[in-house]
Each structure stands twice: as C-alpha cells, then as structure tokens.
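[1] Sharing a model that was predicted from the sequence below.
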Amino acid sequence: MTDENQNITRIELDGKEYILIGTAHVSKQSAEQVKQIIEAEQPDSVCVELDKQRYESVVSGSKWKDMDIFQVIKEKKATLLLMNLAISSFQKRMAKQFGIQPGQEMIQGIDSANEIGAELVLADRNIQITFSRIWGSIGFKGKMLLLTQVIGGVFSKETITEEELEKMKTQDSIDSVLSEFSSAFPRLKKPLIDERDQYLAQKIKKAPGGEKIVAVLGGAAHVPGGITKEIHKEHDLKKLTTLPPKSKAPKIIGWSIPVVIIALIAFTFISNPVAGWQQVMSWLIWNGGFSALGVLLALGHPLAILTALVAAPITSLNPLMAAGWFAGFAQALVKKPHVSDFESLSDDVHTLKGFWENKVTRILLIIVFANLGSTLGTIIAGTDIIRVFINNL
C-alpha cells in the first residue's frame, strides 16, 4: 500500500511490517517527514540508503584531509577519486541552489534511529563496487563518455529548472548524476538501478527486529518499481558485491602493442638503420610529447612535464606502468598538498578554477591527462612506425 502524498509504501511480509520512505534529496520536507514517521512508528530498525563510506562522510563531514595522495596513485585510484569528487561537487551545487544540506534526510534517519534506540542498518551497496561494475560494463568508448559527462557536469553553471527538480525527486544522488548517460547506455541500468534495488531489498528484509522496519530511501523511483518487487525475492548479497572478472583482452592487447612496436623497429633497423632511427624518434616525440602536453594542460610543474616526457615512451612499452603515475608522483613531491587543500577540496571542485588550483585535484588531473596523452601518442607513433616499416619492405 502506498500513500501517494507522502511517498510511503507499507509492506507486510513474514510477520513483519516494512515502511519504505521514498525521499527526495532536494526537498526540504523529506527530512521532516523522516523524523515524523520514525517517531510515530517506533521501528525496531531503521535502514538508510548509505554504505559505510558514505555514512562516515555524512556523520563526520569530509575526510579528504586524511587522504594519502601517494597511496591513491599507488593503488591506481586516481580516476575513481576524480569521479567521487565530481559527484560530491554535483551534490554541493544542488545544496547551494536549494539551500539544503546534502544527505539531510539520511542524517535525520540516523539521528532519529539513535533517539529512539532503533538498530541502524547501512543498506546500500559499497559505492566503489557499484562504480566498478558500471566501469566494467560500458567499454572504452563508454568510459570516455562517462568521464566527459560527469566531469563536464561539475563545471556547468546552469541552474536546475522546476521540471528538472521534479524529475530529480524520483532519483537518488547517484542516479541524478548519471541519468542522461544511462539513457545512452541501457546496460548501465542493471548495475546502477536493478542490482542496487536487489541489494537494498535484501538488506531491508534481513534487518534485525521482530515487528517493524523503516527504510529511508533516497529517490522515490527506487520504491514502487524496484524494492517493493525485489523484497519478495531472495537475493545473493555475495554475488551482488562480487567485482566483475577482468577481461583478458586488454592485457593481451596491452602486451601485444609493445611487442609489435619493438619487432617492427628491429626489422626496420636490419634493412635500413636510418629509417629505424626515424621510427625511434617518432615514438619518443609523439608519445612523450602528447603526455607532456597533457601535464601542461593540467598546469603541472615543469618537473612533472619533464617526467611525463621521459616516462611515456618507456611506460607505453610496459602495460604494468603508466606515465601519469610518474608525473603525478613528481607533482606531489614538488607541490605536496597541504591540509588546507584537503579541507577545501569539496568547495574547490565546484568550479573549473578551483579544480585546477587545488593541489590535490591538479595531481589527479595530471595523472589522467598524462595517461590520455600517452595513449594518443602511442596511436599516432604506432601508425607512423607501421608506415615507415611498410615503406622499407
């Protein structure tokens, strides 16, 4: 049974009553509604649509200042962190426009659960697992489009219209950022919506308590079409949190390219050493040049630019390394972020200027741009090496 005016759905299942609240992230009334329902119903458990990472962010504020930028580079998480910052920026822009605190309804759910002594259940899947499953399902073209759209949305100065606001009231915070992209890539719907509905439904159903459970869900669209259907089924949480197997194709291609490049240059040297040196110079100039240009566009330090110039031709021949890591390390060494950079991170990513000026995000941009430049240089240089090889047959 659903109360259309309050976005509340009540479900009786196995002797328990589940009260699902479909909140709106951009509605000031949602937090008040959550408070009223929890106080009135006195549930045994309160489920909130948060994972541990987002819960800690909500209750403790931003923890960027505790981040080790060198560890981020080592663990190859620069792109993922850039995506998280982009979403944080989007949420902050919404909050600024509508005068609300991001995640206010979730904070209220947590506070109300503590006030009445109810068990708090973090019911959402880890956001990094969701992104990993999204990332593994959209291919190279999709990855580039996703990065372009999400990061481009950070710098948009457009305000949200009333029509868009009403639409956003049916979406959760992650859906809001990726909604347009998901229409272009239907496969995105499964890891973004369907799997999370199944995960949420199972966590809510297994919440401790004998009689009554309240679930605070961000985005009214999750409730009627998804969770109310999935809660009547059994779902394997382990399966839903398993990272997708990595395709062997990128590894095969990654090692094939350097083998082919080296072989072509070696064969050319045998027949025409001058042409062989031409191939070597093409590889050095295009690969190192475009990677260095990427660092320059990210406003990197001269040492980081030089590092990319030298590292890219070498790392492009070894799939286990990337020019961006070395350029990022060089930038971090000479322009090490201060505590103030981490503390102002959530505000700085709201603007294009702030994104480039903050020392943390500049390092992330250097890593991404250096790697993109090196990839482009590999394509151009590789094509030229093949051309010279064919001309000398």
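    Great, that's in hand. Computed from a prediction, not measured in an experiment: that's the story for all the values here.

[2] which residues in the stretch 101-250 of the chain form helices?
    With DSSP state H, counting those that start in this stretch applied, the stretch 101-250 of the chain shows helices at 104-116, 127-135, 139-154, 162-168, 173-184, 189, 195-205, 228-230, 237-240, 248-271, listed in chain order.

[3] For the longest one, give me every contacting residue.
    Contacts made with helix 248-271 from outside it, assessed by C-beta atoms under 8 Å, 6 or more residues apart in numbering, are listed as 275-277, 279-280, 283, 316-319, 378, 382, 385-386, 388-389, 392. For the C-beta atoms, the positions are set from N, CA and C on the backbone; glycine is no exception.

[4] from those residues, which ones fall inside helices?
    275, 276, 277, 279, 280, 283, 378, 382, 385, 386, 388, 389 (DSSP state H).

[5] wait, what's in contact with the fourth one?
    The contact partners of residue 279, taken as C-beta under 8 Å, 6+ apart, are 264, 265, 268, 384, 385, 388, 389.

[6] if we go to 7 Å?
    When contacts are counted by C-beta atoms under 7 Å, 6 or more residues apart in numbering, residue 279 is found next to 265, 268, 385, 388.

[7] so who does the third one touch?
    It refers to residue 385. Going by C-beta under 7 Å, 6+ apart, residue 385 touches 261, 264, 265, 279, 282, 283.

[8] related to what we said a few turns ago, kindly give a single PyMOL line that selects the buried subset of the contacts of helix 248-271.
    Selection command for PyMOL covering only the buried members of the contacts of helix 248-271, criterion 16 or more other C-beta atoms under 10 Å:
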select buried, resi 275+276+279+280+283+316+317+319+378+382+385+388+389+392
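
[9] Report the buried residues of stretch 33-45.
    Along stretch 33-45, these residues count as buried under the neighbour rule (16+ other C-beta under 10 Å): 33, 34, 35, 37, 38, 41, 43, 44, 45.

[10] Same list, those residues, but as JSON lines with distance to residue 233, pLDDT and secondary structure please.
    Shown next, in JSON lines, are those (distance: C-beta to C-beta, whole Å; pLDDT from 0 to 100; DSSP: H, G, I helix; E, B strand; the rest coil):
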{"residue": "33", "distance to residue 233": "28", "pLDDT": "87", "secondary structure": "helix"}
{"residue": "34", "distance to residue 233": "26", "pLDDT": "90", "secondary structure": "helix"}
{"residue": "35", "distance to residue 233": "31", "pLDDT": "92", "secondary structure": "helix"}
{"residue": "37", "distance to residue 233": "25", "pLDDT": "93", "secondary structure": "helix"}
{"residue": "38", "distance to residue 233": "27", "pLDDT": "94", "secondary structure": "helix"}
{"residue": "41", "distance to residue 233": "25", "pLDDT": "94", "secondary structure": "helix"}
{"residue": "43", "distance to residue 233": "22", "pLDDT": "95", "secondary structure": "coil"}
{"residue": "44", "distance to residue 233": "22", "pLDDT": "95", "secondary structure": "coil"}
{"residue": "45", "distance to residue 233": "20", "pLDDT": "95", "secondary structure": "strand"}
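
[11] Among those residues, which one sits closest to residue 299?
    residue 34 (43.5 Å; C-beta to C-beta).

[12] any chance you could read off phi and psi for the residue nearest to residue 359 when sequence neighbours are not counted?
    Spatial nearest neighbour of residue 359, excluding adjacent residues (C-beta to C-beta, 6 or more residues apart in numbering): residue 337 at 4.1 Å. Summarising the backbone geometry of residue 337 under the convention degrees, to the nearest 10, its torsions are phi -60, psi 140.

[13] domain assignment for this protein?
    In the assignment given by automatic domain parsing, the structural domains of the chain cover 2-240, 248-391.

[14] Low-confidence regions, the stretch 51-200 of the chain specifically.
    60-102, 136-188 (pLDDT under 70).

[15] Can you tell me which of the contacts of residue 279 lies closest to residue 110?
    For those, the nearest to residue 110 is residue 385 (58.5 Å; C-beta to C-beta).
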